[in-house]
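J.: Show me how the following folds:
(chains A, B and C)
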Amino acid sequence: MKKSSKLIRELLLLLGALVFLSPVYIMVVNSFKNRQELYENVIALPSEFSLQYYLDAMDKMNFMTALGNSLFITITSVIFIVILSSMTAWMLARTDNVLSKIIFMTFIATMLIPFQTLMMPLIQFMDTLSGVLPVEMLNTRGGLIYMHVGFNAGMAVFLYHGFVRSTVPISLEEAATIDGCTKFGLFWRIVFPMLKPITVTVIILNVIQIWNDFLLPSLTLTDTSLRTIPLSTFYFFGEFTIQWNLAMAGLTLTVIPVVIFYIFAQKHIIKGIGEGAVK
Amino acid sequence: MTNRMTKGWFALFTIPLLLIFVTVVIIPFLMGIYYSFFDWDGIGANPMVFVGLDNYLQLFSDTRFMDSAWITVKFTILALITVNILGVTFALLVTSALKTVNAARAMLFMPNLIGGLILGYIWQFIFTDAFKIIGEATGFESVFFNWLLNPDYSLYALVFVFTWQMAGYMMIIYIAGIQGISNDVIEASMIDGASYWQRLRKIILPLLMPSFTICLFLTLSFAFKIYDVNLSLTGGGPVNSTELFALHIYNEIFGYGNYGFGQAKAVIFFVIVAAVTLTQVYITKKREVEM
Amino acid sequence: MKFRKSLLFLVAITVVLVLAACGGEDNEGNENSEGSEASSGEKITIFQSKVEISEQLEELAAEYEEETGVEVEVWGTTGDDYFQQLQIRLNSNQGPSIFSVRHITEAEKLDSYLYDMSNEPFVEHIAPDMALEYDGKVVGVPYGVEGFGLVYNKDLVSEEDIADYESFINTLEEFNGTDVDGLSLAQEAYFLIGHLSNYPFSLQDDNYEYIQQLNNGDVTMADTEEFQAFGQLMEDLRANIPNPLDITYDEQVGDFATGKTAMIHQGNWAYGMFEDYDLDFEIGMAPLPLLDNDKLEVGVGSNWGINGEKDDAEVQAAADFLNWMHTSETGMRYIVEEFGAVPAFTNIEANDLDPLSQAVLDATNSGETIPWSHNYYPANVIVNDFVPATENFFLSEDVSGDDFIDSLDTAWQNATK
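T.: Now for the predicted structure:
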């Protein structure tokens, strides 16, 4: 009796998740249809599962180059975000003065600014910077990474800050300080490992954000060989109409690496938590 | 010495990020405020006329701005409720002892990955085609009709899609929170014979308060900035009934080409929203217990 | 000491970040910045709004590079945010050498960037009245000619059925009792009202003059005969066609291609949409007979402009490219065959056009056209103001045609204030 009710609950959970996922179904199914098929029935299965549109989309998007760019930009940005934001957030959380409060509030307040109002001054200023500094900020991967770090810093600091205050025991830090640890050593050897669950969360959220971003890369990268995956899908979004099959295929291709990444990362969360529990 | 040392450490830990943050976010934001005092069409070579506070005075008589601000507030409140209820429910479900949780977790998370414009278009298919089919099949035509055609319902349609997209995102943060709750506490309560509901109400939810603070604020900031889905799902229509704030500013700045006026709107709305939310964050942060 | 070590670590991180920036530059950016520094006209860049021809344009650019050694880089963005991106790029000195200027309102805004092409050799081949002129200068070369009207299924509708206003409405009413819809519009801004709203303007003796008067407040639409007739047309449409807000461009074309709709109000650009369908009937394009109008609406969708802010060598290189595109065998072939444009150049011959483009070309050659007026509208009035007014009209039966015209007047005043 108990077993069967559990089985039912298992099935219900899966079923619920499936219903929730139905729009994804629409995306995948329609990546196999031509315009007429799509018009006739959006929900129906395609008449044939030919990979033709995927190959076309990959060809037009210059997929391997775009994938390389996306990987490089996302991974590098996320590494910097994790390192810099966790340090900043920990310091802000552990320093009880007006300055640190102001800095923290500024970080989170800027999360409320719509990017649309910032983009023009941003690019203008980046152009000015490129003129003053010997570093080219626009139309380079590094410049884009720099901007990604700046825009996503607020949320990462916010997440780390909350986690530090609620789960990292101060007593432990004090003990380590007495043992002669510098702040730097203290942070990397003792605090950072304890931040693992939130680090994984920050990584996941930022990977999604940066991987999918269209607007910022489209403003900063003009060079064809620098295009990221979302950027290369522009071919399918015409003035009046969208080439649905290619756009949906392109989108599916964009999503797949992140899904794989998530499945991988989530195992890691569970492992990390499990380890913590055993100790 | 120690004091100087402390300051040194503080600088070392915060300055690298602050430097990036200031150059990428703060300076452009200040430039935006500067532009808000000018009458300018947004083309570098065209004249910028200093008008002082005119743009700010003018915007209070702009009914479309007021409408848009009000719709945005309405949308944000609705979204805050639905996203977080669903997010926390998902998180509780997928941290339960069921075997299918791993699969479910990945599935619930996936909507989040479909970013940008195409998400709105996919849902347009659902509202226009799938809803019609369901309505005709089940007879519930009062619920399943094309929501996008009705000025009242199209806002709900936006809330619906936004919830669908964000619930999985918030779920991730709630999962981290739930897993941060020590097993001892839960086990102790189980030994005491507490039922699931008692445990949930008395132990889990209160211990999740920090996650709630975070998720409420994140939902708020995403809801307030929503643009892509707004543009592709409803385009602000019908009859401007869903022209949320970011889209409205965008239309003012790049559509009409009133750069200064659009920036003034952005500044005012930002000040109001930031004041409200920062107070809220400040209060809840204070309440959180430090360990 | 440990402090210093940590400092070193952070410096290292910063260096890596900077290196990453430089790294990007070394690979690709450097070429680019060197190109623009030296800018001896060895490289030009194109940023344009018609996504549909991006790939073909890239191919053309490759052919040009092979022939002349001048590198042509084609940038891309989605159809929706072209102008805003152009604006941001121009403002931050990142502008392209060649870009699209869609109409006179944009040309006015970008005047200080636009190079005067009057003395370039290919300009003389532009068909009469088709060049984009501002302030006495030729600032834009047309992509091609486009036209819109009633695209109809010849099996279901004959030319006489829609020859004048009365028979047009009668035809719609007849279809109203059948399974087939007589006509359909689509929800996208230009297909809903943008194109339709041209007729009452274009039927004026001088549409440009009329729009100036409207801007100055000397006339109102409500007091103009053509607009009163247009209000009546909208009422008749609302009574006889399916709600356009419920129909996307894709559905509109799909319904037409599968015989469920007899006519759609569309232009020759829609022909590409039929590629995936097996049309088993002939199609034609006829004028929309508002006040018995018998001419197609024909105009220029977009123009090529040159960024005059670039240095002389780059401007010259850009002009050379446009010249080559419009006078060489390869360039002309691309315009007609690959871009699928109805050429707006007297030296370019168009063969084997699709039936809709052929109709546009025939009308142009015989002078049976009325001009596009929406190119003179205040910036974005269609999307920002006309669309909400039209949605309101289609959603509520209480709004009369006259009310609708009043709301267009209000919208216009709002956009020009």
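
J.: Residues contacting whichever helix or strand B:I249 is part of, please?
T.: According to DSSP states H and E, B:I249 maps onto helix B:245-250. Identification of contacts with helix B:245-250 by CB atoms under 8 Å, 6 or more residues apart in numbering or on different chains yields A:114, A:116-117, B:64-65, B:68-69, B:72, B:224-227, B:230-231, B:236, B:262, B:265-266, B:269. Where you see a C-beta, it was placed from the backbone N, CA and C, and this is true even at glycine.

J.: Please pull out the lowest mean pLDDT helix or strand from the chain.
T.: Went with chain A since none was named. helix A:244-278 (a mean of 74; mean pLDDT, DSSP states H and E).

J.: To clarify, I was referring to chain B.
T.: helix B:183-191 (a mean of 78).

J.: Which residue is the nearest non-sequential neighbour of B:L149?
T.: C:L245 (5.5 Å; CB to CB, 6 or more residues apart in numbering or on different chains).

J.: Run through the residues that contact the one you found.
T.: Taking CB under 8 Å, 6+ apart, we find C:L245 in contact with B:149, B:237-238, C:187, C:192, C:391, C:394-395.

J.: can we see that at 6 Å?
T.: B:149, C:187, C:394 (CB atoms under 6 Å, 6 or more residues apart in numbering or on different chains).

J.: In terms of helices and strands, where is B:K99?
T.: Using DSSP H and E, B:K99 falls outside every helix and strand.

J.: Any idea how many residues pack against the closest residue to it other than its chain neighbours?
T.: Spatial nearest neighbour of B:K99, chain neighbours left out: A:E10 (6.0 Å); criterion: CB to CB, 6+ apart. Neighbourhood size, A:E10 [other CB atoms under 10 Å in any protein chain shown]: 17.

J.: pretty sure A:E10 contacts B:L98?
T.: Yes - counting by CB atoms under 6 Å, A:E10 does reach B:L98; the two are 5.2 Å apart.

J.: From the contacts of helix B:245-250, which land in helices?
T.: Among those, DSSP state H puts A:116-117, B:64-65, B:68-69, B:72, B:224-225, B:262, B:265-266, B:269 in helices.

J.: In JSON lines, list the residues you listed along with pLDDT and neighbour count.
T.: Output for these, formatted as JSON lines (pLDDT from 0 to 100; neighbours: other CB atoms under 10 Å in any protein chain shown):
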{"residue": "A:Q116", "pLDDT": "88", "neighbour count": "22"}
{"residue": "A:T117", "pLDDT": "89", "neighbour count": "28"}
{"residue": "B:R64", "pLDDT": "89", "neighbour count": "16"}
{"residue": "B:F65", "pLDDT": "91", "neighbour count": "23"}
{"residue": "B:S68", "pLDDT": "92", "neighbour count": "25"}
{"residue": "B:A69", "pLDDT": "90", "neighbour count": "20"}
{"residue": "B:T72", "pLDDT": "93", "neighbour count": "24"}
{"residue": "B:F224", "pLDDT": "89", "neighbour count": "23"}
{"residue": "B:K225", "pLDDT": "88", "neighbour count": "19"}
{"residue": "B:G262", "pLDDT": "93", "neighbour count": "29"}
{"residue": "B:K265", "pLDDT": "93", "neighbour count": "26"}
{"residue": "B:A266", "pLDDT": "92", "neighbour count": "27"}
{"residue": "B:F269", "pLDDT": "87", "neighbour count": "25"}
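
J.: Of those, which is the nearest to C:I405?
T.: Distance to C:I405, by CB to CB, is smallest for B:R64 among the ones in helices among the contacts of helix B:245-250, at 20.7 Å.
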